[in-house]
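Asker: Need the 3D shape of this:
(2 chains)
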Amino acid sequence: DAKTTQPPSMDCAEGRAANLPCNHSTISGNEYVYWYRQIHSQGPQYIIHGLKNNETNEMASLIITEDRKSSTLILPHATLRDTAVYYCIVRVNAGGTSYGKLTFGQGTILTVHP
Amino acid sequence: GAVVSQHPSRVICKSGTSVKIECRSLDFQATTMFWYRQFPKQSLMLMATSNEGSKATYEQGVEKDKFLINHASLTLSTLTVTSAHPEDSSFYICSARDVRGSQPQHFGDGTRLSIL
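Answerer: Predicted coordinates for the structure are as follows:
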């Protein structure tokens, strides 16, 4: 069963902010929200992750709603190189030798145009 | 940042050949590595989880005798596609999880396998 729901595609103008939504209404209390992206013919690239607080790094910002049932990935100034498939994944972030699988859905195809 | 190296990046071989793909974590130790397969225009599908020093765990529907996994050290896992056939042609991607479990999982750049 899919644990996250994302729109299949989105467009964004170069230089504008890209806001990618994700619904994860069945998320458990110990599951983190992860975002990866995959540029054509490459492996997925880690972007950002969070549990309940908003997070920001050099690539993007992650906004998680207070009830944690949805989140938004924000690319503040999209460039043509940001064109990719973006995956929102929820996963238990166990430490030590434990692990949680990353299960990929269909993601959102983001196309950044000039 | 953390780097996962996958080799080779592309393989073209005849049907019946066995092909080995290597996955290395370059600047961290990985007790767990994951192998994925991706067909054209589809998402990544987890094939198996590789644990250092123990047997791999395969996902339902993945033949363990067909896809041999060896995780002999904390920085290397290998996937061998035995007696490959055209239907095994796909994009194979590995991922490694740092022993420090709070770190995100990182992926290799994939291996494009084409069986003629």
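
Asker: who in chain B is up against chain A?
Answerer: B:4, B:6, B:31-32, B:34, B:36, B:43-46, B:49, B:91, B:93, B:95, B:97, B:99-102, B:104-110, B:112 (C-beta under 8 Å from any C-beta of the partner chain). Every C-beta, even on glycine, is put in place using the N, C-alpha and C of the backbone.

Asker: can you tell me which of those are in strands?
Answerer: Counting by DSSP state E, the residues of chain B next to chain A place B:4, B:6, B:31-32, B:34, B:36, B:45-46, B:49, B:91, B:93, B:95, B:97, B:106-107, B:112 in strands.

Asker: And the residues you listed, which is closest to chain A?
Answerer: B:Phe107 (3.7 Å; C-beta to the nearest C-beta).

Asker: Without its sequence neighbours, what residue ends up closest to the closest one?
Answerer: Nearest non-adjacent residue to B:Phe107, counting by C-beta to C-beta, 6 or more residues apart in numbering or on different chains: A:Gly43, 3.7 Å away.

Asker: Pairing partners for the spatially most central residue of chain A in the sheet, please.
Answerer: Centroid check for chain A by C-alpha atoms, centre = their mean gives A:Trp35 as the closest residue, at 2.9 Å. Assessed by DSSP bridges, A:Trp35 has beta-bridge partners A:Ile48, A:Cys88.

Asker: that older thread, got a winner among the ones in strands among the residues of chain B next to chain A for most neighbours?
Answerer: When neighbours are counted by other C-beta atoms under 10 Å in any protein chain shown, B:Ser95 leads those with 29 neighbours.

Asker: coming back round to it: helix or strand for the residue nearest to B:Phe107, which one?
Answerer: In the assignment (DSSP states H and E), A:Gly43 maps to no helix and no strand.

Asker: Which pLDDT value goes with it?
Answerer: Here, the pLDDT recorded for A:Gly43 equals 95.

Asker: got it, and A:Ala2?
Answerer: At A:Ala2, pLDDT is 53.

Asker: Check A:Gly100 too.
Answerer: A:Gly100 is given a pLDDT of 66.

Asker: same thing with A:Arg91?
Answerer: 86.

Asker: Low-confidence regions, chain A specifically.
Answerer: A:1-2, A:93-100 (pLDDT under 70).

Asker: wait, chain B
Answerer: Flagging of chain B using pLDDT under 70 yields the residue ranges B:1-2, B:101-102.
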